[in-house]
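Next come a sequence and a model predicted from it.
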Amino acid sequence: MTKANLSGFVKRKMETKEQKITVKAFGMIAEKFGSGQIELTGISTIEELRKALFDQFPELKNMKFSIAINKQLASGNASIPDGSEIALLPPFSGG
Amino acid sequence: MTKANLSGFVKRKMETKEQKITVKAFGMIAEKFGSGQIELTGISTIEELRKALFDQFPELKNMKFSIAINKQLASGNASIPDGSEIALLPPFSGG
Amino acid sequence: MKTKRTPKNIFVLGAISPDSIAKSIANHSTKTDIGGHSIFLGQVRSDEKPEGRVIAIDYSAYEEMALEKAFEIREAVFAKYPLSCMHIYHSLGEVKAGEICLFVFTSSKHRKAAMDACDELVERIKAELPVWGKEILDSENHVWKVNS
Amino acid sequence: MKTKRTPKNIFVLGAISPDSIAKSIANHSTKTDIGGHSIFLGQVRSDEKPEGRVIAIDYSAYEEMALEKAFEIREAVFAKYPLSCMHIYHSLGEVKAGEICLFVFTSSKHRKAAMDACDELVERIKAELPVWGKEILDSENHVWKVNS
């Protein structure tokens, strides 16, 4: 087996495994949907995450929030690594 | 006697009277020349004051200082009213 | 000589007391290369809202992210200004109107660096730290604080 | 409603204690329209001079003029910024290295006014108040402080 074939094999294997992420909510989102955390599977991009969240919590569509992946603000349609900790962050109002 | 004559008379009278001013020194000037106050007579402008001070304290020529007339910084060749409190102010260094 | 800095806790439970501020100031008296301290204090306002008057703010945070972010901000501000010291404290939980909820403290040899760094820290803290204030009203309602 | 303000004493004998700063902060907890306080503290530095190391500064002032000037500055800064409170304290006499010699404290509904006013006050105090610092050296000499 060549090196190229091997890495191709590994990639296919990972794609078939459903990845699992944890989603936490804060501020007024936590108030609306609970401050615990939920687990989602089969989601690997921000777009997929938004869709899944809006399906489950339609009220979120009317709320302004950013998304953090592993404590870093995510922009655009970033990909979400397996096992990520996702956070839904309404506008900050500290100080 | 007309009004004009009267005021002219008063003016002449005041000019003949020698006016008296008090001079205080602060900071490094006070250190050099004492922190008490001296009285000077016959001085009615900043220029006259500087000349009198430089005659009496030649070292002042090499020192940077501002002059206040009655607690207001004086500029140029301001005139000094009778009875004024004059202050010799080296550069401020508060705070 | 630069020492490696690591994230430290910025959160305190409840209001920040004037006494703790005094202690923090007094702790700097041994640092005799400091010429100026700049301090910003956030105080909870008793604003009138359509829903009622604010009597307290209940602060919550995404703590782990906030501490990482605070560390990132610290490092950036230390790199930008010649500071001797920098301290940041933010309340979590309930802080009553009139009490202090934010304490930012910078010290430098010359005043300008301390002042500019303090201003920048306050702006960045308000804009970038994942912290939320729930304004508790005298009507027993609440509204979520919005930063301007 | 504007109240007529009159000159008040800004001078304190010796160092300004952290406890007095804490008291001043605590006094504002009843003013629940305040959202931000900005504080500047001047601290005596132990600079190395060719003539020796600074161990204290002995402050003197043309007090009457300084109080008039401080009042003028206060009024101008109050007119320029929407402030709730403003406090200025400056030491006279000896203040040791590491101790506080200047305390400027502004409070406002929103942070920006408090910060900008505080910065402006400090600059004006240093530039315009007839106050002089005599730096006492460990060599028992002294030099006159020069503001930058």
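Received, thanks. This is a predicted model, so every value here is computed, not measured. Residues are numbered from 1 along each chain as shown, chains lettered A, B, ... in the order given.

any idea how far A:G42 is from A:G36?
Distance check for A:G42 against A:G36: by C-beta to C-beta, to the nearest Å, it reads 21 Å. To be clear about C-beta, it is placed using only N, CA and C from the backbone, and glycine gets the same treatment.

Break down the chain into its helices, ranges please.
Picking chain A for this. Under the criterion DSSP state H, chain A contains helices at A:3-16, A:27-33, A:46-56.

I was thinking of chain C, sorry if that wasn't clear
Assigned by DSSP H, the helices in chain C fall at C:18-26, C:63-80, C:111-128.

Check chain A for the residue nearest chain B and tell me.
At 28.2 Å from chain B, A:G95 is the closest residue in chain A, using C-beta to the nearest C-beta.

Share the number of residues neighbouring that residue, please.
Around A:G95 there are 24 other residues, counting by other C-beta atoms under 10 Å in any protein chain shown.

Ok, C:Y81 next?
By other C-beta under 10 Å, 19 other residues sit near C:Y81.

Report the contact partners of it.
By C-beta atoms under 8 Å, 6 or more residues apart in numbering or on different chains, C:Y81 lies in contact with C:106, C:108, C:113-114, C:116-117.

okay, those residues in CSV with distance to C:E135 and neighbour count next?
Formatted as CSV, these follow (distance: C-beta to C-beta, whole Å; neighbours: other C-beta atoms under 10 Å in any protein chain shown):
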residue, distance to C:E135, neighbour count
C:T106, 28, 28
C:S108, 35, 24
C:A113, 35, 20
C:A114, 31, 28
C:D116, 31, 18
C:A117, 29, 22
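
From the residues you listed, pick the one nearest D:I100.
Nearest to D:I100 out of the contacts of C:Y81 is C:A114 (C-beta to C-beta; 13.3 Å).

Contact partners for that closest one?
Applying C-beta under 8 Å, 6+ apart to C:A114 gives the contacts C:36-38, C:81, C:83, C:106-108, D:40.

Same question for A:Q37.
Neighbour list for A:Q37: A:22-25 [criterion: C-beta under 8 Å, 6+ apart].

Kindly state the beta-bridge partners for it.
Assessed by DSSP bridges, A:Q37 has beta-bridge partners A:K24.

what do you get for C:F40?
C:F40 has these beta-bridge partners by DSSP bridges: C:V104, D:S38.

you'd agree A:F26 is up against C:L129?
No. Between A:F26 and C:L129 there is no contact under C-beta atoms under 8 Å: 11.7 Å.

Please enumerate the shared neighbours of these two.
C:A61.

how close does C:P50 sit to chain A?
Going from C:P50 to chain A by C-beta to the nearest C-beta, to the nearest Å gives 17 Å.

how about the closest residue to C:L41 other than its chain neighbours, what does it touch?
Nearest non-adjacent residue to C:L41, counting by C-beta to C-beta, 6 or more residues apart in numbering or on different chains: D:H37, 4.1 Å away. Shown in contact with D:H37 (C-beta under 8 Å, 6+ apart): C:39-41, C:43, D:25, D:28, D:105-107, D:114.

Name the nearest of these relative to chain B.
D:F105 (14.2 Å).

circling back to that earlier point, please identify the deepest-packed of the helices of chain C.
Among those, helix C:111-128 has the highest mean neighbour count (mean count of other C-beta atoms under 10 Å in any protein chain shown), at a mean of 21.

between that helix and helix D:111-128, how big is the angle?
Computed by axes from the mean of the first three to the mean of the last three C-alpha atoms, to 10 degrees, the angle separating helix C:111-128 from helix D:111-128 equals 180 degrees.

tell me the angle helix C:111-128 makes with helix C:63-80.
150 degrees.

how deep is A:D55 tucked in, by neighbour count?
Here the number of neighbours of A:D55 (other C-beta under 10 Å) works out to 9.

Next one: it from chain D, what distance?
A:D55 is 40 Å from chain D, by C-beta to the nearest C-beta.

and chain C, which residues reach chain A?
By C-beta under 8 Å from any C-beta of the partner chain, the residues of chain C that approach chain A are C:42, C:59-62, C:64-65, C:68-69, C:90, C:101-102, C:122, C:125-134, C:144-147.

Under the pLDDT cut-off, which ranges of chain A? List them.
Across chain A, the ranges flagged by pLDDT under 70 are A:1-17.

who's in contact with the residue of it found nearest chain D?
The minimum distance from chain A to chain D, using C-beta to the nearest C-beta, falls at A:G95 (8.0 Å). By C-beta under 8 Å, 6+ apart, the residues touching A:G95 are C:42, C:90, C:101-102, C:122, C:125-126, C:131, C:147.
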